[in-house]
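# 3D model of this:
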Amino acid sequence: MAYNINESFKNELSLLPKIYIYLIINKLEKILRKIIFIFNVNILKKNTSINEQKSFNEIVNIENLLKYKDELETKNYAYIENFFSDEFFKHVIDNWPKKYLFRPPFGLEKFYDTGFVFKKNEKVNLGTDKISWLKDLYKFFNSDKFGKALKEFSNFDLYFESSGLNQTRTGSYIALHLDDVDKDDNLFGSLNCIIILDSSETESCANLSLGKSNRWEDIYFKSPNKKNSALIYRIGSYHYHGFKPVKKNEYRKALNARFLRKN
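I've put the predicted structure just below:
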């Protein structure tokens with residue numbers, strides 16, 4: 001959950017998100033997407049999931065990841081290019097889920113589409129098990145191989161705790177905030193990863209920014225949102241994060257993953 005949000009952000013919003021949320025258009029859109037899903041399954045008999053089976057020799061470019069170890073150690077965050085292997089990245093782009101499989105925005109603080117949520121030890125299933133590449137990725141995140149790489153990268157023993165996909169629309173944004181996990185001192189050194197899979201690579205395409213406070217003038221890093229890149233920051237370092245409204249014809253598709261310290 002988000003906290004320490006500067007409520008003044010609502011004064012800077014356009015009418016679009018306010019109308020969308022206050023007139024419960026989001027709930028109507030959710031119903032419409034469900035109808036489209038049922039129509040595809042029961043009438044058109046199409047496979048609405050993306051389930052192309054493919055094996056990968058490599059998923060995350062670990063050798064490349066470890067090159068950014070010093071940056072993480074110095075800044076408590078690192079921006080990494082070429083995060084996934086070329087083969088896996090191309091497969092994900094070619095097999096990204098259809099829009100109607102995502103959940104529409106449901107609040108003003110975070111205004112973008114979300115879906116395919118995974119949470120360790122919780123019964124959360126929004127289609128994760130139906131996408132082969134996502135299953136492969138989550139299996140890899142849970143592997144000893146990646147666990148050892150993360151320890152070398154972060155200097156902490158971490159485990160894969162949660163993940164999910166998201167994509168933007170015109171007007172999408174996230175108000176600058178901190179996450180609840182930042183309150184737990186025992187979790188310092190845990191990692192939050194925002195992996196940009198596809199974007200318009202502009203200055204207004206949901207470029208996640210890090211700041212010292214919930215005010216935009218205190219920003220010290222803004223993600224370039226290059227395709228196949230990742231912004232990774234240490235939980236407990238109080239990086240306020242968010243992005244300004246996405247402009248028309250600009251977009252971002254991303255995967256968020258969180259790795260927490262083992263007890």
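
# kindly export stretch 178-189 (C-alpha atoms) in CSV.
As requested, C-alpha coordinates have been extracted for stretch 178-189 and formatted as CSV (Å, rounded to 0.1, in the frame of the first residue of the first chain):
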residue,chain,number,x,y,z
LEU,A,178,6.4,5.4,-0.4
ASP,A,179,5.3,1.8,0.1
ASP,A,180,4.4,0.2,3.4
VAL,A,181,7.4,-2.1,3.3
ASP,A,182,9.6,1.0,3.7
LYS,A,183,8.3,1.2,7.3
ASP,A,184,9.9,-2.1,8.3
ASP,A,185,13.6,-1.6,9.1
ASN,A,186,14.2,-5.4,8.9
LEU,A,187,13.5,-5.2,5.2
PHE,A,188,16.2,-2.7,4.3
GLY,A,189,18.1,-4.1,1.4
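
# got the buried residues for that stretch?
For stretch 178-189, burial by neighbour count (16 or more other CB atoms under 10 Å) applies to Leu178, Val181, Asp182, Leu187, Gly189. C-beta: built from backbone N, CA, C; applies to glycine.

# do stretch 80-91 as well
Taking 16+ other CB under 10 Å as the basis for neighbour counts, the residues of stretch 80-91 that come out buried are Ile80, Phe83, Phe84, Ser85, Phe88, Phe89, His91.

# next step: those residues restricted to helices.
Helix and strand membership here follows DSSP state H; of these, those in helices are Phe88, Phe89, His91.

# just name the closest of the residues you listed to Lys30, please.
Of all these, the one with the least separation from Lys30 (CB to CB) is His91, at 28.6 Å.

# Trp133 is in contact with that closest one, correct?
Yes - using CB atoms under 8 Å, His91 and Trp133 qualify as a contacting pair, with a distance of 5.7 Å.

# quick one: pLDDT of the residue nearest to Arg33 when sequence neighbours are not counted?
Setting aside the residues directly before and after it, Arg33 is nearest to Tyr100 in space (CB to CB, 6 or more residues apart in numbering), at 4.1 Å. Predicted confidence (pLDDT) at Tyr100: the value is 92.

# what about Asn11, which SS state?
Asn11 carries the three-state label helix when classified by DSSP: H, G, I helix; E, B strand; the rest coil.

# check contacts around Asp185.
Under the criterion of CB atoms under 8 Å, 6 or more residues apart in numbering, the contact list for Asp185 reads Gly236.

# meant to ask about Phe221, not that
Applying CB under 8 Å, 6+ apart to Phe221 gives the contacts Tyr77, Tyr79, Ser209, Leu210.

# quick one: neighbours of the closest residue to Phe106 other than its chain neighbours, just the number.
Spatial nearest neighbour of Phe106, excluding adjacent residues (CB to CB, 6+ apart): Asn26 at 5.8 Å. Applying other CB atoms under 10 Å, we find 18 other residues in the vicinity of Asn26.

# list the buried residues in the helix or strand where Asn26 lies.
Secondary-structure element containing Asn26, defined by DSSP states H and E: helix 25-42. Residues of helix 25-42 classed as buried by neighbour count (16+ other CB under 10 Å): Asn26, Glu29, Lys30, Arg33, Ile36, Asn40.

# does the fifth one really touch Tyr100, like I thought?
Yes - here Ile36 reaches Tyr100: they are 4.4 Å apart, a contact under CB under 8 Å.
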